[in-house]
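>>> compute the structure for the input listed below.
(2 chains)
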2 protein chains.
Amino acid sequence: MSGSSGSNDAGVPTAANPVPSTRLTGRLSTTTPAEAAATVPETATLLVSGFGGVGYPKLVPEAIAAGDQRELTVVSGGGVGDEIDRDLVESGDMARRYPFVPNETVRDAVNAGAVAFHDRHISRLADEVRFGGLRAGMNGPTVAIVEAVAVGSDWLIPSTSVGHTPAYVETADHLIVEVNHAQPLELGRVHDVYLRQAPPHREPIPLDDPLDTIGGPAIRFDPATLRAVVETDRPDDPYEFREAGKTERAIADHLCRFLEAELARNPLLAERVNLQFGVGSLGNALMGGLSAVDFGDREVSYVGEVVQDGLLDMLDGGQLSGASATSLALSADGQARLFDDVERYAADVILRPADISNAPALIDRFGVVGINSAVEVDLYGNVNATHIRGTRVVNGIGGGGDFARNCRLGIVTLPSTAVEGDVSRIVPLTPHVDHTEHDASVVVTEHGVADLRGRSPRERAEALTAVADPAFREDLERYRQRAASGDGNTPHDLESAFDWTR
Amino acid sequence: MSGSSGSNDAGVPTAANPVPSTRLTGRLSTTTPAEAAATVPETATLLVSGFGGVGYPKLVPEAIAAGDQRELTVVSGGGVGDEIDRDLVESGDMARRYPFVPNETVRDAVNAGAVAFHDRHISRLADEVRFGGLRAGMNGPTVAIVEAVAVGSDWLIPSTSVGHTPAYVETADHLIVEVNHAQPLELGRVHDVYLRQAPPHREPIPLDDPLDTIGGPAIRFDPATLRAVVETDRPDDPYEFREAGKTERAIADHLCRFLEAELARNPLLAERVNLQFGVGSLGNALMGGLSAVDFGDREVSYVGEVVQDGLLDMLDGGQLSGASATSLALSADGQARLFDDVERYAADVILRPADISNAPALIDRFGVVGINSAVEVDLYGNVNATHIRGTRVVNGIGGGGDFARNCRLGIVTLPSTAVEGDVSRIVPLTPHVDHTEHDASVVVTEHGVADLRGRSPRERAEALTAVADPAFREDLERYRQRAASGDGNTPHDLESAFDWTR
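Sure, this is the predicted structure:
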């Protein structure tokens, strides 16, 4: 937008003109995926686009997996597809992975110790990549591989997710762009790309309302870093949501009643409600259930990470004024619905970099009501969101911690049991803690709501026992009594604390 | 500062004129402590000033303890004195306590289950009090009891700490002020009082540099809330720091070498270093040890919670350009030193409300290097900072979590053993987690530095075993091998994980 001569900004898509006329602008030549893959050094850190299982590069990772043996650190924004998290694992090229592993193949490799994984908060990753915070993990040159809907000589427009792509493109020694003809060129309309300054002289994020915009559709890059441009028309391999069952519907019902009570008493929700839901089938079902909440004349916005199908329903139904996220984590049906009418949805949907969508400062300022799921919750309100039996990682923490820590009202929703009722998800002591008792607020199961706000650990244990599955309540009660026979602010009987778990 | 007629701002101390000419301005009448105490209802929530063991009200809590039986929730900024956390416990008046219990009497009562305690992050408490977030804990009318160096008809100047006092005064149904003649009237020079707007339309904190100011010395109040003004000349009962021993000096030495290496490689520390240290003898010793670090021509500031004695040394020695905190948590000697020359120290020392000193947004923007201690660390980098054997609370989390989560470089310093070497502080699995593995960065013991950044859980376990006490390394190694014979991203043997603890 600068008017100075010598500026290279002519033709760069802007918020006012977000849709370029062609996929490739200027004198760019394209290569085959194999040629692009051949530019990747034997030891390298791949910084790949993608978040919520969409917007990831497809052909180049596949070609890397098919090519020479390499030793790669792979860093994504969030969830990506099989071409990365299956193929690069099976080929033996992936030595290390950050920050999220929703794909079965990479998860099994991580749990077997074959791939070194660090499960890091989404909000922190862009900075850690930009400023060298992942010391042990950044090996060799950094190669950004980015899916785009369009590319020019020094800019690209990301596709179905923004994620950490702006930070990765800035950091990259080498850049490879996959231009995907299967993603609408009009997606530039939904993007609001903004790259923060570096600490210690970092500016406040200049966003006054979660539905304002502060950037534009394009990520700029140094042309000297560009190694290859590849074209593809392979679509994302998006989410499949489970149909909500009886338990999910009961949780949604308790959540809605709780939210209605909270709307009546919480001064911070008097005019405006900024909601976040975690990604996944339960989150999607809860979002759908929210249509039943009477928000009165309040403005309701989604302020989170991912746009899921349930959210499109709320937009279409007029219950939501808009959505701010970093990824269109839709089902195939949801994608078709949005792609058919990008221009209309773009009026209400904004995709931002993940360090903006998940910024602690904004979650605080916008007073977000955060609703996230968990593997289990212990009697004192410690939440395990990532590790089965404390050992096997499932997916990773993602942005759950960003919202649990910084939102104004944090709600954990989970079925009271797992494994068809054989395992209680309310446990005496969880062997892996993702959200601590210091953040404990509200827990909802199909049996009701445990409002832990302001309660002591012993009081929380009582409230959480009451929302456990009835088949486990007596055992939990016995544990509480056994624990309380010793002393302590959070009494435990460490001899028997893991009797259910081990 | 408003020039409009009808404004009531005439005579209110400002940043330009921070020192009033008298302790009591205007037509204020004073009462005895017993008369003030008699205004406190039988069931009430006391919001008391005080942080870091200083700046707390003394005579009125003592008089409440001596008076009729009450049922009180007591909420402070941070640590306060015996008149609150001993006397009100022994008198049976304290039913509930937030958010920090460094005093032995209240801690014992909490651990016995006699006082209900919720251990809450410092950064969150002001908002939770202001906006009803502590639901179960706020009982009866709210009564703010605040120590001041001066008071007028609708303003007061806090004494040796700011803490959450601005939020508490705003929230209070009733206000009682203790004017303390033992605290210098000139303390107005160090205060920068600023109260944030409410979400969801909350402004960014308008602070561009940690040593800038954005407010003034005075907290404003609604004159209709004022119930009593009491005068006193009882001094704070401040910290006593232990002399640093051999272990603390070895930790300080490793820390200094690590910081020097980090200065050479970390781009975020190229010009400016904003340091935070936890409160306590180890923190104080480390602060003293920092004099040995060669910071080159970088500007070095303290950006934390408490001004401790070691920090005055660094200010006097010219190693620090200034300090931003919320409390003057000094020893008696340190207080005397500062009180003798408030005007000089006020040029370099700023006390802010604790929700500003600990604001996640500012810790992030200023790229703080946070250095905090712990009870124990487990093999995967989970940190227990609050609960001995997972049950008995010590002090509480305070602001440790605020800094651990949001700082740019988080360092945990701790001796490798406790109980004269009988207990390892590097353990297989900690039964209480305050800072999770997702925030694990750097751990320093007297045996060296474990740099966990970017490492997988298995790699972290190896690095942490290497800084454990040599007497425990073989056992930790055996645990790691036993755990790794199962699978999982964070392998454990839950049968034996607590063999050391229970």
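>>> please name the residues that touch A:Arg257.
By C-beta atoms under 8 Å, 6 or more residues apart in numbering or on different chains, A:Arg257 lies in contact with A:Val449. The way it works is simple: take the backbone N, C-alpha and C, and place the C-beta from them, glycine included.
>>> sec struct for it, please.
helix (DSSP: H, G, I helix; E, B strand; the rest coil).
>>> can you check the pLDDT for it?
For A:Arg257, the pLDDT comes out at 95.
>>> now the helix or strand bottoming out on mean pLDDT in chain A: how far from the chain's centre is it?
Using mean pLDDT, DSSP states H and E, the weakest-scoring helix or strand in chain A turns out to be helix A:281-289, at a mean of 79. Distance of helix A:281-289 from its chain centroid, counting by C-alpha atoms, centre = their mean, to the nearest Å, is 16 Å.
>>> what's the next secondary structure element after it?
strand A:299-303 (DSSP states H and E).
>>> got the angle for whichever helix or strand comes after that next one vs helix A:281-289?
Remark: after strand A:299-303, the chain's next helix or strand is helix A:309-316, criterion DSSP H and E. Between helix A:309-316 and helix A:281-289, the angle comes out at 20 degrees (axes from the mean of the first three to the mean of the last three C-alpha atoms, to 10 degrees).
>>> tell me the angle the least confident helix or strand of chain A makes with strand A:299-303.
Going by the same axes, to 10 degrees, helix A:281-289 makes 170 degrees with strand A:299-303.
>>> who are the packing partners of helix A:281-289?
helix A:246-265, strand A:272-277, helix A:309-316, strand A:369-373 (3 or more C-beta pairs under 8 Å, 6 or more residues apart in numbering or on different chains; DSSP states H and E).
>>> quick one: which of those has the weakest pLDDT on average?
helix A:309-316 (a mean of 90).
>>> next, the angle from that one to strand A:272-277.
160 degrees.
>>> show me the contact partners of the helix or strand just after helix A:309-316.
Toward the C-terminus, helix A:309-316 is succeeded by strand A:322-325 as the next helix or strand (DSSP H and E). Among residues not part of strand A:322-325, those counted as contacts by C-beta under 8 Å, 6+ apart are A:210-211, A:301-307, A:311, A:315, A:348-352, A:357.
>>> all helices for the stretch 351-500 of chain A, in order.
A:354-357, A:360-365, A:400-406, A:457-465, A:470-484 (DSSP state H, counting those that start in this stretch).
>>> any idea how far A:Glu147 is from chain B?
According to C-beta to the nearest C-beta, to the nearest Å, A:Glu147 and chain B sit 25 Å apart.
>>> and the next helix or strand past the host helix or strand of that residue?
Here A:Glu147 sits within strand A:142-151, counting by DSSP H and E. Elements were assigned by DSSP H and E; along the chain past strand A:142-151, the next helix or strand is strand A:155-158.
>>> for that next one, packing partners?
Using 3+ C-beta pairs under 8 Å, 6+ apart, strand A:155-158 sits against strand A:142-151, strand A:219-220.
>>> let's see that with 6 Å instead.
strand A:142-151 (3 or more C-beta pairs under 6 Å, 6 or more residues apart in numbering or on different chains; DSSP states H and E).
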